[in-house]
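Enquirer: just to be clear, the model below is a prediction. Sequence and coordinates:
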Amino acid sequence: MELRQLRSFVRVVELSSMGRAALELGIATSTLSQQISQLESELATRLLQRRSTGVFPTEAGLDFWHQAQVILRQVDTAAAVARQGRFSGQVSIGMATTTAAVLTVPLLSIMRERYPAIRVRIVEGLTAHLAALLNSRQLDLALLFEAYDPKRWSVTPLVDERLFVVARKDLAGLPPTLATARSVKVSQIGDLPLIMPGNSHALRDLMTASFNAEKLSPNVVLEIEGAHSLMRAVRAGLGATVQPGAVLSMLAPDGETMADDQLLRAIPIEDPSMRRRCLLASFSDDELSPSALATRVTLVQLARQLVQDGVWRGAIML
């Protein structure tokens with residue numbers, strides 16, 4: 001889908017005429033008709049209906065017309081602001097600690113290069129806390145694992161994260177088969193001594209539901225809410241854990257990355273239920289500043305690049 005197709009479609013609806021719209025846009029009527037046909041084919045729905053009195057939008061076309069107008073206004077605003085060099089102010093972004101481990105540094109580096117006048121504020125916390133901050137407008141953007149109020153927010157699925165069993169290779173109770181396995185199933189880790197966040201944590205809920213589906217109970221021996229402290233306990237051999245691949249970006253105490261730490265193994269879990277979906281939430285485009293819109297675009301582009309480069313381990317774009 002291209003901006004010129006959106007502009008053409010909007011103008012046709014406004015003028016109720018292919019011929020008049022083509023004349024104003026400075027293109028042939030046949031070219032305009034082809035643009036609209038391509039747009040309808042891409043969306044797999046009819047947007048316009050032709051009558052003796054002119055061209056009018058279908059019900060789907062009317063809804064699309066409203067959204068296209070919003071998009072074009074934002075594009076025009078963003079272009080004008082960029083030309084005037086007015087991307088400035090503060091943009092607050094909320095994310096889980098594990099997500100922040102993989103995103104924060106590259107995001108801040110890109111934002112400093114592209115938009116040096118924008119001050120990025122990162123807030124780490126649980127999904128419920130971040131959702132509350134977003135609702136109270138203390139955040140512009142938030143990366144969440146559950147959509148608490150999707151009707152009020154603009155929610156974009158970002159990545160699907162595979163979960164891993166992370167443990168020392170010499171952990172007591174680690175079956176020899178797991179020490180060398182390329183992947184595991186939930187049914188194989190029921191007896192592992194696990195270190196997990198408490199029951200209020202979305203990751204704990206996801207894991208418990210997956211275990212219950214296998215008629216198993218997770219063997220949680222320690223509960224630690226902070227991701228950094230939790231991973232240090234795992235590194236010390238106090239137990240294993242179940243975490244997304246992003247946690248492997250955290251720095252170990254000696255400065256090595258967890259992914260390269262020779263003491264630890266990160267084994268992907270095969271079960272489809274052991275995945276978590278990361279959502280990018282904000283208020284509507286009309287309610288976001290140009291700086292927040294630019295940051296959101298940058299965040300999506302960065303996530304895609306980190307997934308493609310294999311930096312965000314176990315993640316796939318949605």
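Expert: Okay, I see it.

Enquirer: please, which helix or strand holds residue 277?
Expert: strand 275-282 (DSSP states H and E).

Enquirer: state the mean pLDDT of the very next helix or strand once past that strand.
Expert: Next helix or strand after strand 275-282 toward the C-terminus (DSSP H and E): helix 290-308. What helix 290-308 shows for mean pLDDT is 92.

Enquirer: next, the angle strand 275-282 makes with helix 290-308.
Expert: In terms of direction (axes from the mean of the first three to the mean of the last three Cα atoms, to 10 degrees), helix 290-308 departs from strand 275-282 by 160 degrees.

Enquirer: return the set of buried residues in helix 290-308.
Expert: Across helix 290-308, burial judged by 16 or more other Cβ atoms under 10 Å covers 290-296, 298-299, 302-303, 306-307. Where C-beta positions appear, they are placed from N, C-alpha and C, glycine not excepted.

Enquirer: also stretch 29-36?
Expert: Under 16+ other Cβ under 10 Å, the buried positions of stretch 29-36 are 32, 35-36.

Enquirer: other SSEs contacting the host helix or strand of residue 31?
Expert: Taking DSSP H and E as the definition, residue 31 sits inside helix 29-43. Applying 3 or more Cβ pairs under 8 Å, 6 or more residues apart in numbering; DSSP states H and E, we find helix 29-43 packed against helix 3-15, helix 18-25.

Enquirer: what's the angle from that helix to helix 18-25?
Expert: 100 degrees.

Enquirer: who touches helix 29-43?
Expert: The contact list for helix 29-43 (Cβ atoms under 8 Å, 6 or more residues apart in numbering) reads 1, 4-6, 8-9, 12, 18-19, 21-22, 25, 46-48, 60, 64.

Enquirer: quick one: contacts for residue 279?
Expert: 143-147, 155-158.

Enquirer: filter the residues you listed down to the buried ones and hand me the PyMOL line.
Expert: The buried residues among the contacts of residue 279 can be selected in PyMOL (16+ other Cβ under 10 Å) with this line:
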select buried, resi 143+144+145+147+155+158
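
Enquirer: if I look at the residue lying farthest from the centre of the chain, how far off is residue 13?
Expert: The centre of the chain is farthest from one residue, residue 52, which by Cα atoms, centre = their mean lies 46.3 Å away. Using Cβ to Cβ, to the nearest Å, residue 52 is found at 18 Å from residue 13.

Enquirer: the residue nearest to residue 134 when sequence neighbours are not counted: how many residues sit nearby?
Expert: Nearest residue to residue 134, sequence neighbours excluded (Cβ to Cβ, 6 or more residues apart in numbering): residue 142, at 4.6 Å. A total of 27 residues lie near residue 142 under the criterion other Cβ atoms under 10 Å.
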